[in-house]
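Got a predicted structure plus its sequence, pasted below:
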Amino acid sequence: MVDEGTKKTLGAIPLLKTSAGPRNKEQWVQRLKEEYTSLIKYVEKNKQEDNDWFRLESNTEGTRWFGKCWLVHELLKYEFDVEFDIPVTYPATAPEIAIPELDGKTAKMYRGGKICLSDHFKPLWGRNVPKFGIAHAMALGLGPWLAVEIPDLIQRGVVTYKEKCGGPPSAT
């Protein structure tokens with residue numbers, strides 16, 4: 001079952017129609033257009049609600065994504081690099097989102113800093129192929145992971161705030 005907050009988040013993200021991955025050359029171009037449209041709408045909605053928390057861009061093929069994500073905790077902004085590749089079996093397989101600088105800092109992470117999404121997000125993704133895309137992975141995967149894990153890492157002293165003229169925190 002999906003709670004009201006999740007329903008509201010999902011309502012702000014357009015669903016995708018094209019079932020194509022990077023190996024489906026011409027259909028992939030259409031899928032990428034849908035991905036960008038969905039991401040733009042989601043980011044715009046977040047900005048309207050003063051909930052801006054990530055920036056993403058991709059390589060020219062749309063197969064490698066990278067950017068920044070952040071969480072404000074106790075009025076301090078903790079910022080991290082985020083990256084992922086589009087799997088060759090996309091959209092049947094969700095992307096594995098990584099925060100490399102946190103690699104090995106939490107049990108809810110795999111080698112290379114890939115965040116654990118298997119229990120909660122991947123079944124939801126599987127039920128919504130091909131309608132879910134990158135914006136959904138950010139909203140329903142990375143967002144909740146950050147909200148739970150980062151405060152815990154801060155409390156345990158694994159992540160500390162470093163003031164560097166607005167620079168990112170460090171993972172100790």
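Alright, I've got the coordinates.

would you say Lys41 is within a helix?
Yes - counting by DSSP: H, G, I helix; E, B strand; the rest coil, Lys41 falls inside a helix.

Relative to Gly143, how far out is it?
As judged by CB to CB, to the nearest Å, Lys41 and Gly143 stand 15 Å apart. Just so you know, the C-beta spots here come from the backbone N, C-alpha and C atoms, and that holds for glycine as well.

Neighbour count: these two, which is higher?
Gly143 (18 against 14; other CB atoms under 10 Å).

could you point out which element follows the strand or helix carrying the more buried one?
Element membership for Gly143 (DSSP states H and E) is helix 143-155. Counting by DSSP H and E, the next helix or strand C-terminal to helix 143-155 is strand 159-160.

packing partners for that following strand?
Judged by 3 or more CB pairs under 8 Å, 6 or more residues apart in numbering; DSSP states H and E, strand 159-160 is in contact with helix 143-155, strand 170-171.

all helices of this protein, in order?
When assigned using DSSP state H, the helices of the chain occupy the ranges 4-11, 25-48, 121-127, 134-137, 143-155.

any idea how far the spatially most central residue of the chain is from Trp125?
Centroid-nearest residue in the chain: Met138, 2.7 Å away (criterion: CA atoms, centre = their mean). Remark: distance between Met138 and Trp125 (CB to CB) = 12 Å.

again, but for Leu39
Distance, Leu39 to Trp125, by CB to CB: 16 Å.

try Thr93
Taken as CB to CB, the span from Thr93 to Trp125 is 8 Å.

what does Lys77 give?
Distance from Lys77 to Trp125, by CB to CB: 29 Å.

So which of the two has more stuff around it?
Between Lys77 and Trp125, counted using other CB under 10 Å, the more crowded position is Trp125 (22 against 14).

Quick check, that one in contact with Gly133.
No - Trp125 lies out of contact with Gly133 (CB atoms under 8 Å); the separation is 9.9 Å.

Including mean pLDDT, could the helices and strands packed on strand 159-160 go into JSON lines?
Converted to JSON lines, the helices and strands packed on strand 159-160 look like this (pLDDT from 0 to 100):
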{"stretch": "helix 143-155", "mean pLDDT": "95"}
{"stretch": "strand 170-171", "mean pLDDT": "62"}
